[in-house]
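> got a predicted structure plus its sequence, pasted below:
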Amino acid sequence: MHKRVVILGSTGSIGRSALDVAAALDHEIEVVGLTARRNWQSLAEQATRFNADVVAIADPAHRDDLQQACPPQTRVLAGPEGLTELVRTCEAGFVLSAIVGAAGLPATLAAVERGIDVGLANKESLVVAGGLLMPLAEERGCELIPVDSEHSAIFQALHAGRREDVRRIHLTASGGPFRAWTQEQIANATLADALSHPTWSMGPKITIDSATMMNKALEIIEARWLFGVSADQIDVLIHPESIIHSMVEFQDGSIIAQLGTPDMKTPIQYALTYPRRVSGIAEPLDWSEARSLRLEPPDFERFPALRLGYEAAREGGNSGAVLNAANESAVERFRAREIPFGQIVSLTEEVFRRRQPVAAPTFEELMASDAWAREEVGRCLRSYAE
């Protein structure tokens, strides 16, 4: 029997990989809904290729173009509200949330409200609203299956023991392109430098976050909510080879790790077929050649974003929403060449320090915190120029 799947963010890096997996598993995966931010041409091509029931484009300016390019039977929605309408009305049994940033939260929340299982590649949903999403998922009886390679590894390793027997979670990180750079070199890195990831192929925003290690900071917050552990039970280890995707340490000292090639198709497929495992399209590890796997502690001085991740994970409330929004805005400024690379984290931290904590925020309060942080980035930059 086919599993009917919606892919949010289908034209991005994760979305395209998910469609490759779905095509290889077409005997059991049926793609029925697709969304994109503004790339209507690729979205129309995908809708045609998979004969999708419904598509949604976040930028309403491209609705007519998309409508003309899609098959006649495909329903077309537009605007940010179109994404949530697609999730609320499409007959699907699984939603893969792969929209980058906080923009993916409303549609993810809509899926959980309907009690639909979600494959979560959008870590920001939990970073911003983990305190709302996790209880709601439990109430509605749906499962949040992580797609981030690190959190998928933890999710898989946890099957080796009981949750209450977990001592620590060890999140691995490649260290990004600047793992061996000095603090001064990092501060003066160019956009091209930041986009040159040594092991993973990702979209520009996540690649830049990997360079600052803010991506790992956000994953600390995500793990805190997803697995119900405290921030102090989460370690970060630098692992340049990106083969050990993460590890779980149990009370008896046993450490269970999940290993594999650095290819997102593996965790994507696991989420789509869970709890089954089937033959996949990702290349398996070749153990016929000798290889070394290095693990080392992170440098909090060169990568201060990690401190912010731990702080937000400990505090909870609206701190994740502020941290994420400030970072998203700072990264946008860097990509527009308005600020140097070295200012991304310092600007994010300044906004984070100015926040007004809200211990148990509503969804509306989280969105207000998000908007405030983005505006505060602009205010900070204007004050620097005066």
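That came through fine.
> what does the lengthiest helix in the chain contact?
In the chain, ranked by residue count with DSSP state H as the criterion, the top helix is helix 363-385. By CB atoms under 8 Å, 6 or more residues apart in numbering, the residues outside helix 363-385 that reach it are 102, 109, 128-129, 132, 318, 321-326, 328-330, 333, 338-339, 347-348, 350-352, 354-355, 358, 361. Using the backbone N, CA and C atoms, a C-beta is placed for each residue, glycine as well.
> at 6 Å what do you get?
Outside of helix 363-385, the residues within contact range by CB atoms under 6 Å, 6 or more residues apart in numbering are 102, 128-129, 318, 321-322, 325-326, 329-330, 350-351, 358.
> most neighbours out of the residues you listed, which is it?
Val128 (31 neighbours; other CB atoms under 10 Å).
> which pLDDT value belongs to it?
Model confidence at Val128, expressed as pLDDT, equals 95.
> wait, it touches Val322, no?
No: contact criterion CB atoms under 6 Å: Val128 and Val322 do not qualify, at 9.2 Å.
> what stretches of the stretch 1-150 of the chain score poorly on pLDDT?
1 (pLDDT under 70).
> please repeat the previous calculation with a cut-off of 90.
1-2, 100-104, 122-124 (pLDDT under 90).
> ditto for the stretch 151-300 of the chain
196-204, 206, 280, 289-290.
> list the buried ones in the longest helix of the chain?
366-367, 369-370, 372-374, 376-377, 380-381 (16 or more other CB atoms under 10 Å).
> show me the domain layout of this protein.
3-146, 317-386 (automatic domain parsing).
> what helix or strand does Asp209 sit in?
helix 204-212 (DSSP states H and E).
> ok, residues contacting that helix?
Contacts of helix 204-212 (CB under 6 Å, 6+ apart): 100, 176-178, 194-195, 197, 215, 305, 331, 344-345.
> shouldn't Leu34 be in contact with Ala52?
Yes: between Leu34 and Ala52 there is a contact under CB under 6 Å: 5.2 Å.
> out of the two, which sits in the busier spot?
Set side by side, Leu34 and Ala52 show more neighbours around Leu34, with 31 against 25, by other CB under 10 Å.
> check contacts around Arg168.
233, 235, 249.
> quick check: nearest residue in space to it, chain neighbours excluded?
Glu249 (4.4 Å; CB to CB, 6 or more residues apart in numbering).
> let me see the contact set for that neighbour.
167-168, 255.
> one more time with 8 Å, if that's ok
With the criterion set at CB under 8 Å, 6+ apart, Glu249 makes contact with 166-170, 255.
> now these: which count as buried?
The buried subset of those - by 16+ other CB under 10 Å - is 166, 169-170.
> mind putting those in TSV, secondary structure included?
Converted to TSV, the buried ones among the contacts of Glu249 look like this (DSSP: H, G, I helix; E, B strand; the rest coil):
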residue	secondary structure
Val166	strand
Ile169	strand
His170	strand
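> nearest to Ala78, of those?
Within the buried ones among the contacts of Glu249, the smallest distance to Ala78 is 40.3 Å, found for Ile169 (CB to CB).
> which residue packs closest to the closest one, ignoring adjacent ones?
Ile234 (5.0 Å).
> wait, isn't that neighbour in contact with Trp225?
No: using CB atoms under 8 Å, Ile234 makes no contact with Trp225, being 11.3 Å away.
> checking Ala282 next. Helix, strand or coil?
Assignment for Ala282 (three-state DSSP): coil.
> ok, back up a step: JSON lines for the buried residues of helix 363-385, including distance to Ile281?
Shown next, in JSON lines, are the buried residues of helix 363-385 (distance: CB to CB, whole Å):
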{"residue": "Leu366", "distance to Ile281": "37"}
{"residue": "Met367", "distance to Ile281": "38"}
{"residue": "Ser369", "distance to Ile281": "40"}
{"residue": "Asp370", "distance to Ile281": "36"}
{"residue": "Trp372", "distance to Ile281": "43"}
{"residue": "Ala373", "distance to Ile281": "39"}
{"residue": "Arg374", "distance to Ile281": "38"}
{"residue": "Glu376", "distance to Ile281": "44"}
{"residue": "Val377", "distance to Ile281": "40"}
{"residue": "Cys380", "distance to Ile281": "45"}
{"residue": "Leu381", "distance to Ile281": "44"}
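> now for these, which pair is the farthest apart?
Leu366 and Leu381 (23.8 Å).
> now the host helix or strand of Leu83 - C-alpha only, CSV.
If you go by DSSP H and E, Leu83 is part of helix 80-89. Extracted in CSV, the C-alpha atoms of helix 80-89 (Å, rounded to 0.1, in the frame of the first residue of the first chain):
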residue,chain,number,x,y,z
PRO,A,80,2.3,31.6,3.1
GLU,A,81,-1.2,30.6,4.0
GLY,A,82,-1.3,28.4,1.0
LEU,A,83,1.3,26.1,2.5
THR,A,84,-0.7,25.6,5.6
GLU,A,85,-3.9,25.1,3.6
LEU,A,86,-2.2,22.4,1.6
VAL,A,87,-1.3,20.5,4.7
ARG,A,88,-4.8,21.0,6.2
THR,A,89,-6.6,19.8,3.1
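> which stretches of the stretch 151-300 of the chain form helices?
Along the stretch 151-300 of the chain, counting by DSSP state H, counting those that start in this stretch, helices occupy 183-187, 191-194, 204-212, 214-226, 265-273.
> most tightly packed of those helices?
helix 214-226 (a mean of 26; mean count of other CB atoms under 10 Å).
> next, the angle helix 204-212 makes with it.
100 degrees (axes from the mean of the first three to the mean of the last three CA atoms, to 10 degrees).
> measure how far the helix holding Asp209 is from the centre of its chain, please.
12 Å (CA atoms, centre = their mean, to the nearest Å).
> now do stretch 61-75
So, by CA atoms, centre = their mean, the centroid of stretch 61-75 is 28 Å from its chain's centroid.
> how about stretch 263-274?
Distance, centroid of stretch 263-274 to centroid of chain: 14 Å (CA atoms, centre = their mean).
> same thing with stretch 254-273?
15 Å.
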